[in-house]
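> Pasting a predicted model and its sequence here:
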Amino acid sequence: MTVTYFSKSSIIGPSSRYRIFQFLPHLQAAGIDCRVAPLFGEMYFSILAVQSSALRAFLKIPYVFACFLKRLWALLVMGKRDLIVIEGQLFPYAPPLAERLLRWCRYRVAIEMDDAIYLTPGHERKMPALLSMATGAIVGNDRLAAYANQFSSRVCVVPTVVDTERFKPDLTRSTGSSAQNSEAITIVWIGLAYNLKYLNVLAPALRALQPTFHLTLRVVCSQPPYMPGVEIDFRTWDFQREVADLQDATVGVMPLEDTEWARGKCGLKLLQYLAVGIPAVASPVGVNRDIIVDGENGFLAATEQDWYERLDALCRQPQLRARMGQAGRRTVEERYSLAVWGPRLAGVYQTLTENEHLNVVHRAVHGPVSGHHRSTGTR
């Protein structure tokens, strides 16, 4: 079986890295020849980090134009493929002409979404058109599936997952035996710069806790946050170091505002924390409610007082941290690991090349898969 995957970016981009690049060995083992054709490379993220908006636009426009030409060439020389998977869209903000041409040429096309791109300006009409013309859709959670199901009769939920052979606990680290207010406490957050705004949700709790504990907020990102009154340990994200930057932290956090956009997120940072065996506190928004069983493998915090109380409890009780960390690791191993989902994604790709309704995907991929379909026939 042959698949071409048109990704948003090279392996440097977290979405593409977790939605396709980490799956390649599993696809190959299943006999699937999957070739990835990225749109943007590392330079794109460097351009986005430029502070001057005028300079950023000056650099971005010719770079994007060159990337579009490269993708157009990739389409022209692609040849026969059993399935084409498009992460989001072929040409951002452009009309879906290329996707229509692929369907006119009788290619089987699957649209993949791991965030609520349909909420962003310029995509309110484009995403319904893409989903309606595609053979099927692969989405990261039930919220996205509910949206895609309005336009596509073949929708499958494949959650974002982590490689538990790479993200694993540091077994040499001691969790401690008693609560010590003098103990150094590291609260960690990892993510992209445009999500730094969510840290404002827990900033009051961190400021309130600092007089009691030797507490530091570690931020693993491309730029530091602005949080007066909070001690920041800023670390530039690095692929080789990202696991270690999480392993020696005390607690992981995933604050979110309760918006439609946030409800479409796939909880990647939360899974990273749990995979390395540290407890997590998260806002009860979207998929976070599915991942965290409150009080068992982590805590959910809806208010400023919730954030203070949950973080205070974890700062004071190393035994609680150890118990929740172990439970969180089991959650990822059983439900959100690459080892579990690698073979399942291969099954999804294989099914999308068949003339069967998506309920076959649900049967073929044994385990906690969500299948969604309309009763309007097959595509």
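It's in.

> contacts, neighbours, all on C-alpha from now
OK.

> Let me see the contact set for the residue minimising distance to the centre of the chain.
Central residue of the chain (CA atoms, centre = their mean): residue 268, 4.3 Å from the mean position. With contact set as CA atoms under 8 Å, 6 or more residues apart in numbering, residue 268 has these partners: 160-162.

> got a winner among the residues you listed for most neighbours?
Most neighbours among these, by other CA atoms under 10 Å: residue 161, with 26 neighbours.

> how many neighbours does the nearest residue to that residue once chain neighbours are set aside have?
Nearest-residue entry for residue 161: residue 336, 4.8 Å, with adjacent residues in sequence omitted and distances by CA to CA, 6 or more residues apart in numbering. By the criterion of other CA under 10 Å, residue 336 has 24 neighbours.

> I'd say residue 336 and residue 162 touch.
Yes - Residue 336 is in contact with residue 162 according to CA atoms under 8 Å; the separation is 6.6 Å.

> Are there residues contacting both of these two? Which ones?
residue 271.

> following the strand or helix carrying residue 103, which helix or strand comes up?
Following DSSP states H and E, one finds residue 103 within helix 97-104. Per DSSP H and E, the first helix or strand lying C-terminal to helix 97-104 is strand 109-113.

> Show me what that following strand is packed up against.
Packed against strand 109-113 by the contact rule (3 or more CA pairs under 8 Å, 6 or more residues apart in numbering; DSSP states H and E) you find strand 83-87, strand 136-139.

> Okay, angle between the following helix or strand past that strand and strand 109-113 too, please.
Next along the chain after strand 109-113, taking DSSP H and E as the criterion, comes helix 126-133. Helix 126-133 and strand 109-113 are oriented at 140 degrees to each other (axes from the mean of the first three to the mean of the last three CA atoms, to 10 degrees).

> Helix 126-133 vs helix 97-104, what angle?
Going by the same axes, to 10 degrees, helix 126-133 makes 10 degrees with helix 97-104.

> quick one: helix 126-133 to chain centroid distance?
22 Å (CA atoms, centre = their mean, to the nearest Å).

> what does stretch 142-155 give?
With CA atoms, centre = their mean, you get 18 Å for stretch 142-155.

> now that stretch: mean pLDDT?
Mean pLDDT, stretch 142-155: 95.

> Buried residues in it, which are they?
142-145, 147-149, 151-155 (16 or more other CA atoms under 10 Å).

> and which of those residues is nearest residue 40?
For the buried residues of stretch 142-155, the residue nearest residue 40 by CA to CA is residue 144; the value is 23.9 Å.

> can you list contacts of the helix or strand containing residue 25?
Here residue 25 is covered by helix 24-29, with elements defined by DSSP H and E. By CA under 8 Å, 6+ apart, the residues outside helix 24-29 that reach it are 33-34, 342-343, 345-346.

> Now do the buried residues in stretch 321-334.
Here stretch 321-334 shows 321-333 as buried, counting by 16+ other CA under 10 Å.

> for the residue nearest to residue 161, what are its contacts?
159-162, 271.

> what's the answer for residue 340, then?
Contacts of residue 340 (CA under 8 Å, 6+ apart): 333-334.

> Likewise for residue 265?
114-116, 141, 286-287.

> With that, I have no additional questions.
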